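S.K.: Provided below for reference: sequence and predicted model.
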Amino acid sequence: MNKKLFLVGGIILFVGVVGFQIADRNLFMLQSPGAIIEDYKESDYGLGDNYIDKLLKFPDLKKGERTPFDLYKYGGRDKSSFMDRDLGMSWDEWVAFHKAQKPKLMADVKKYMNQRYNFSNEPIEGVYMSGNRKQVMKGPISKLPEGISSFEELAELSAKEIKERNLFPYVPLAHPLHTNAHMVFPNQYLKYHPEHKRIDVDHDIPDNYLPEYPAPMFLTTHKEYGDITRGKEVTLSNYFEMFNGLLTPEQLEGLKELVKPTPSTFFNHTTHRVTLEPSAGVSCFSCHVNGHTNGAFEVAPDTRPQLARLRVGTPSMRGNYNLMQFSSKRSIRSMDHFAEVEEYFEGDPGIQQAIGPRSQQRQVTNRMGDFNAILDFPPAPKLDILYKLIPNKSTSQELLGEKIFNGKGKCINCHSGPAFVDDYMHDLKVEKFYVGRPEGPIKTFPLRGIKDSPPYLHDGRCMTLHDSVEFFNLILELKLSKEEKDALVSYLLCL
């Protein structure tokens, strides 16, 4: 037999009529193993020695089983990155399981939330959201720890002391049923959309502390109309009649896609769902009602294990034309890209095999972005064209708040420009104040129209603007007086 010698990567191959033969199979590898540091020493990376060992290990739970409310105390990894669409039981057993579990679960959720917050339902006198129907709630309503009489007293303590004494009132808020997670809609929305009522869990925040519903919609292209919806919720059944003659054909096409339901991980036509009846799915505007937000929450798709995914509220789509970064953790850089990858499948494309892909082509997601790009912020009549307060339209308290915002409060460092946002992600390193899993960098959200978008922070742990000011007064160690904090809230209400 004729044979020829070839030297390939240091391995001698004999080529004959029977093909390739490997001279030394032990040496032949598709990929080298890579370097290993034999005397590797772990760095604390500023978190403290063996920080991971201070966290609790995630419990091994099946789909649908209850999860701890303090998931921020847990850390570790999962068995797999991929979702298993098997419920672990029959459909009838799944329904019966949640029918039995839900009442006790929601009673415990209510008890937990009432331990953290004083839902007094007290509004700020005379202050309404942009639709002039819903009052803005007064705060702070987060409860102070035992032994602390005021937020000013708490702010005098160092981060180390607050952490050691377990005094921080703004620890992360988890999804009340993190094993299933997915979208949870508020009661004010479910009244008109009962098809999205879940068999396993309900919303955990009272409607008074959520955005008005349906919110007004303002367009950059038709400011003469003010609220272009005239108090109606935009849906697949009315969008064409409402907007034909006002939008371009491409914008109409984009709006159609934003209001068209699509099957999602737990809202679909299969038995892998959390609604009693099969569902057509959800649309972008199911959560972003009228291009704003109805206060629904989800969990972010950016990490695993499932129990480590951060709870995220629905942000407003208003003013996205002036933003360059989208999604709280994924740092998506365009509206059409966001429309293309929006998390309908829990960040796991494999689930599409069961419920079907969304099937939006790039030209369609571009058109979704086209409509998104004309959603305007609500009017701010006290701001001039450079987004400064107009003195003769503003109170002395509001003007003091603007001064603090741009100075002692340090707000301007992250909230600047026409949208009052820097388009960066920031790591607030909140874990300095409690023992828990670091949450890492999260995008800065715009403050224009902020009074319309409670609750605040990515997970909604700050129910009011007063709570948000208290949170940052602690985090940034500003030591603002009560007068200064009240003034800052008054200014934020003008944006």
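M.R.: All right, it came through fine.
S.K.: so is the most centrally placed residue in the chain in a helix, a strand, or just coil?
M.R.: With the centre of the chain defined as its mean C-alpha position, the nearest residue by CA atoms, centre = their mean is residue 312, 2.5 Å away. Taken by DSSP: H, G, I helix; E, B strand; the rest coil, the conformation at residue 312 corresponds to strand.
S.K.: these two touch, right, it and residue 298?
M.R.: Yes: in this structure, residue 312 sits in contact with residue 298. The criterion is CB atoms under 8 Å, and the distance is 5.7 Å. Just so you know, the C-beta spots here come from the backbone N, C-alpha and C atoms, and that holds for glycine as well.
S.K.: Please name the residues that touch the residue nearest to the centre of the chain.
M.R.: Contact analysis of residue 312 by CB atoms under 8 Å, 6 or more residues apart in numbering lists 297, 298, 299, 300, 328, 458, 459.
S.K.: and if you look at residue 101?
M.R.: If you count contacts by CB under 8 Å, 6+ apart, residue 101 has them with 64, 66, 200.
S.K.: make it 10 Å
M.R.: Under the criterion of CB atoms under 10 Å, 6 or more residues apart in numbering, the contact list for residue 101 reads 64, 65, 66, 177, 199, 200, 201.
S.K.: What of residue 141?
M.R.: 116-122, 209, 462-464, 466-467.
S.K.: If we only consider those, which is nearest to residue 189?
M.R.: Distance from residue 189 was checked for each of the contacts of residue 141 by CB to CB. The minimum falls on residue 209, at 14.3 Å.
S.K.: Now the phi/psi pair for the closest one, please.
M.R.: Main-chain dihedrals, residue 209, degrees, to the nearest 10: phi -100, psi 20.
S.K.: now residue 254
M.R.: Taking degrees, to the nearest 10 as the convention, residue 254 sits at phi -60, psi -40.
S.K.: Let me see the domain layout of this protein.
M.R.: Using automatic domain parsing, the domain parsing of the chain gives 1-27, 48-116+171-377, 391-492.
S.K.: quick one: contacts of stretch 404-411?
M.R.: For stretch 404-411, with CB under 10 Å, 6+ apart as the criterion, the contacting residues are 388-389, 401-403, 412-413, 415-416, 420, 447, 469, 472-473, 476, 478-481, 483-485, 487-488, 491-492, 495.
S.K.: Tell me the buried residues in it?
M.R.: For stretch 404-411, the neighbour count (16 or more other CB atoms under 10 Å) marks 404, 405, 406, 409, 411 as buried.
S.K.: okay, how far is it across it, tip to tip?
M.R.: As for stretch 404-411, its first-to-last residue distance stands at 8 Å under the measure CA to CA, to the nearest Å.
S.K.: Figure out how far it is from the centre of its chain.
M.R.: Put simply, stretch 404-411 sits 26 Å off its chain's centre (CA atoms, centre = their mean, to the nearest Å).
S.K.: so for it, what's the average pLDDT?
M.R.: Stretch 404-411 shows an average pLDDT of 97 in the prediction.
S.K.: And for stretch 468-484?
M.R.: 98.
S.K.: Return the distance of the closest residue to residue 209 other than its chain neighbours relative to residue 228.
M.R.: By the measure of CB to CB, 6 or more residues apart in numbering, the closest residue to residue 209 outside its immediate chain neighbours is residue 463, 4.9 Å from it. From residue 463 across to residue 228, the span is 30 Å (CB to CB, to the nearest Å).
S.K.: where exactly do the strands run in the stretch 251-400 of the chain?
M.R.: 297-299, 311-313 (DSSP state E, counting those that start in this stretch).
S.K.: and the first one, what other elements does it pack with?
M.R.: The criterion is 3 or more CB pairs under 10 Å, 6 or more residues apart in numbering; DSSP states H and E, and the helices and strands that strand 297-299 contacts are strand 311-313.
S.K.: helix, strand or coil for the spatially closest residue to residue 170 that is not a sequence neighbour?
M.R.: Residue nearest to residue 170 in three dimensions, not counting chain neighbours: residue 471, with 4.9 Å by CB to CB, 6+ apart. What three-state DSSP gives for residue 471 is helix.
S.K.: Let me see the contact set for residue 471.
M.R.: By CB under 10 Å, 6+ apart, the residues touching residue 471 are 140, 142, 151, 168-170, 428, 430, 433, 456-457, 461-462.
S.K.: Could you tell me which ranges of this structure sit under the pLDDT cut-off?
M.R.: The model of the chain has pLDDT under 70 over residues 1-29, 49, 331, 333-345, 347, 357-361.
S.K.: rewinding a little: can you tell me which of the contacts of stretch 404-411 are in helices?
M.R.: 401-403, 469, 472-473, 483-485, 487-488, 491-492 (DSSP state H).
S.K.: Can you report how many residues neighbour residue 320?
M.R.: Close neighbours of residue 320, defined as other CB atoms under 10 Å, add up to 22.
S.K.: Tell me how far it lies from residue 375.
M.R.: When distance is defined by CB to CB, residue 320 is 6 Å away from residue 375.
S.K.: Repeat that for residue 398.
M.R.: Using CB to CB, one gets 26 Å for the distance from residue 398 to residue 375.
S.K.: all helices for the chain, in order.
M.R.: Counting by DSSP H, one finds helices in the chain at the ranges 91-116, 151-155, 159-164, 187-190, 239-243, 249-259, 284-287, 335-341, 352-355, 362-372, 396-406, 465-475, 482-492.
S.K.: List only those of the contacts of residue 101 flagged as buried.
M.R.: Of all the contacts of residue 101 considered here, the ones buried according to neighbour count by 16+ other CB under 10 Å are 64, 66, 177, 199, 200, 201.
S.K.: Return the alpha-carbon coordinates of stretch 377-388 using CSV.
M.R.: Output for stretch 377-388, consisting of C-alpha atoms alone and laid out as CSV, is shown next (Å, rounded to 0.1, in the frame of the first residue of the first chain):
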residue,chain,number,x,y,z
PHE,A,377,-42.3,62.2,27.7
PRO,A,378,-45.3,63.9,29.3
PRO,A,379,-45.4,67.7,29.4
ALA,A,380,-43.2,69.4,32.1
PRO,A,381,-44.6,73.0,32.1
LYS,A,382,-42.2,74.2,34.8
LEU,A,383,-39.1,73.4,32.7
ASP,A,384,-37.6,75.7,30.1
ILE,A,385,-36.0,74.6,26.8
LEU,A,386,-32.7,73.8,28.6
TYR,A,387,-34.6,71.7,31.2
LYS,A,388,-34.1,74.2,34.0
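S.K.: quick one on the thing from earlier: could you give me the PyMOL syntax to select whichever of the contacts of stretch 404-411 are buried?
M.R.: Remark: buried members of the contacts of stretch 404-411, expressed as a PyMOL selection using 16+ other CB under 10 Å:
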select buried, resi 389+401+402+403+415+416+420+447+469+472+473+478+480+484+485+487+488+491+492+495
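S.K.: if I pick residue 444, what's in contact with it?
M.R.: Taking CB under 10 Å, 6+ apart as the criterion, residue 444 is in contact with 323, 325, 328, 413-416, 419-426.
S.K.: Name only those of those that count as buried.
M.R.: If we count by 16+ other CB under 10 Å, these have these buried: 323, 325, 328, 414, 415, 416, 419, 420, 421, 422, 423.
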